[in-house]
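> How does the following fold in three dimensions:
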Amino acid sequence: MKFELKFRCIIETDYGKDEVSGGFSEDFKQLLAILSKMGMKTISVSDSDVKIGELFDLYVETNNVKEKTRMVYNSCFMCLFGKNYRNLSLSDVSVEHVNVSKYSINTRYFYVSVISSFFNFACKKGLIYENPFEKMIDSRMPQVRRKALNCEDWLFLSDAQREINSLFSGFKWMMKKYKKFNPLFLFLLHMILATRVQETYRVITTCSLTDFSNRYILVETKMTRKGMKPNYRLVLTNLAVFLIQQVQKQIQKFKYSRFYYNLHNVTKSLSNNMDVHGTRSLFRTIVELIPQTQSISFGAKETALGHATKNTVQRKYCRSDYYLKRYELQLYYADFLLQCLDEGIENVAVMRDIVAKDLHEFLSKKPKE
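A predicted model of the protein is given here:
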């Protein structure tokens with residue numbers, strides 16, 4: 001994409017007003033700084049018709065932004081500037097136009113970060129003098145940790161078991177409340193896969209489970225860098241397959257908004273100290289406490305969450321995605337969770353049997369260390 005951006009501005013000093021016109025360049029910001037030192041009081045760009053949409057397309061191409069990320073950015077712009085943001089002139093955008101108070105702290109931080117990175121790009125291109133949103137990212141807008149049963153204070157596995165037992169006790173009455181779908185299947189699947197909510201939704205809606213020789217599914221994730229394919233090989237144990245099959249029968253046709261609403265309601269019904277995204281923190285904390293998983297490497301545990309753990313050079317040489325280790329992590333974690341559930345709840349005994357058989361088969365094939 002190649003296009004030339006023009007400007008015409010009026011510069012006012014103590015000696016009068018002068019009109020300057022030309023093309024935007026990388027040196028435009030430095031030019032304004034020099035003019036300011038020479039006595040420039042104000043500058044008004046009167047004929048700059050740089051559209052947000054036009055500049056956004058250039059931003060996407062220059063930074064090699066992935067399609068999924070572009071869609072997220074597009075959604076962010078629509079929420080902050082309206083559906084017709086692409087026709088909005090760059091010079092017309094100001095901090096006063098953006099109202100983020102209605103969003104949660106983390107969403108607010110994310111939106112402002114996205115907008116700020118975009119306007120930093122505009123600064124580098126010389127289209128604006130300074131980023132009006134840079135000052136919004138300060139100590140007044142910190143990111144907060146997702147609620148996860150105060151797992152940061154756990155010292156022993158017994159601490160985790162006590163909290164998870166208390167969390168799962170809510171299923172005794174919840175199973176009677178929900179009639180259209182089984183909340184236990186949905187919540188356990190989300191916990192065992194340790195995925196983000198959107199990734200869990202993609203698993204349920206896209207996993208056909210027709211090829212039982214491949215015990216994984218490729219899902220889009222945030223772990224990859226710019227320009228890299230976002231496919232992540234998500235491990236599926238026999239229990240995960242069972243849960244997916246059960247959940248698909250009930251909510252496969254749900255739209256994402258309805259899916260999130262149901263999962264969010266289940267989480268909040270279980271505990272006010274638990275967030276729907278906090279299940280990933282529970283996974284990461286508990287697998288550090290389970291004795292059988294303490295010898296598994298840091299890289300395997302982080303990869304189970306879809307996190308990139310190596311630098312660029314290491315990624316070029318160590319290309320393993322720790323498939324077997326992640327399979328083992330998921331087995332021991334599932335076994336721990338099921339032991340925290342009341343055996344009297346429907347299907348708990350069946351799921352325990354599935355995990356027990358899977359563990360026995362895995363350990364019998366695992367080479368002795």
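> What's the first helix or strand after the helix or strand of the chain with the lowest mean pLDDT?
Lowest on mean pLDDT, DSSP states H and E among the helices and strands of the chain sits strand 42-45, with a mean of 51. Next along the chain after strand 42-45, taking DSSP states H and E as the criterion, comes helix 52-62.
> I'd like the next helix or strand past that next one.
Following helix 52-62 in sequence order, the next helix or strand is helix 67-81 (DSSP H and E).
> Quick check: next helix or strand after that next one?
Using DSSP H and E, the helix or strand that directly follows helix 67-81 along the chain is helix 105-124.
> Report all helices and strands that that following helix contacts.
Packing partners of helix 105-124 (3 or more C-beta pairs under 8 Å, 6 or more residues apart in numbering; DSSP states H and E): helix 52-62, helix 67-81. To be clear about C-beta, it is placed using only N, CA and C from the backbone, and glycine gets the same treatment.
> can you redo those helices as a markdown table with distance to Tyr322 and mean neighbour count?
Converted to a markdown table, the helices and strands packed on helix 105-124 look like this (distance: least, C-beta to C-beta, whole Å; neighbours: other C-beta atoms under 10 Å):
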| stretch | distance to Tyr322 | mean neighbour count |
| --- | --- | --- |
| helix 52-62 | 33 | 17 |
| helix 67-81 | 24 | 15 |
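> can I get the ones you listed in TSV with distance to Met274 and mean pLDDT?
Below are these laid out as TSV (distance: least, C-beta to C-beta, whole Å; pLDDT from 0 to 100):
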stretch	distance to Met274	mean pLDDT
helix 52-62	37	86
helix 67-81	25	83
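> looking at the ones you listed, which is closest to Glu96?
Nearest to Glu96 among the helices and strands packed on helix 105-124 is helix 67-81 (12.1 Å), distances taken as C-beta to C-beta.
> Tell me, how many residues neighbour Leu263?
As a burial measure, Leu263 scores 22 neighbours (other C-beta atoms under 10 Å).
> Now do the same for the strand or helix carrying Ser257: mean pLDDT, whole number.
Per DSSP H and E, Ser257 falls inside helix 256-270. Average pLDDT, helix 256-270: 90.
> And for that helix, what's in contact with it?
With contact meaning C-beta atoms under 8 Å, 6 or more residues apart in numbering, helix 256-270 is reached by 167-168, 170-171, 174, 181, 183, 186-187, 190, 197-198, 200-201, 204, 251, 254, 274-276, 279.
> repeat that with 7 Å
Applying C-beta atoms under 7 Å, 6 or more residues apart in numbering, the contact partners of helix 256-270 are 167, 170, 174, 183, 186-187, 190, 197, 201, 251, 274-276.
> which one of the residues you listed is nearest Ile296?
Set against Ile296, the nearest of the contacts of helix 256-270 by C-beta to C-beta is His190 (21.8 Å).
> what about the residue nearest to Cys151 when sequence neighbours are not counted, how many neighbours?
Nearest residue to Cys151 in three dimensions, chain neighbours excluded: Thr285, at 4.3 Å (C-beta to C-beta, 6 or more residues apart in numbering). With neighbours defined by other C-beta under 10 Å, the count for Thr285 comes to 17.
> and Thr285, what pLDDT?
97.
> buried set for the helix or strand that contains Ile204?
Assigning secondary structure by DSSP H and E places Ile204 in helix 197-206. For helix 197-206, the neighbour count (16 or more other C-beta atoms under 10 Å) marks Val197, Gln198, Glu199, Thr200, Tyr201, Arg202, Val203, Ile204 as buried.
> so how far is it off the chain centroid?
From the chain centre to the centre of helix 197-206 is a distance of 13 Å (C-alpha atoms, centre = their mean, to the nearest Å).
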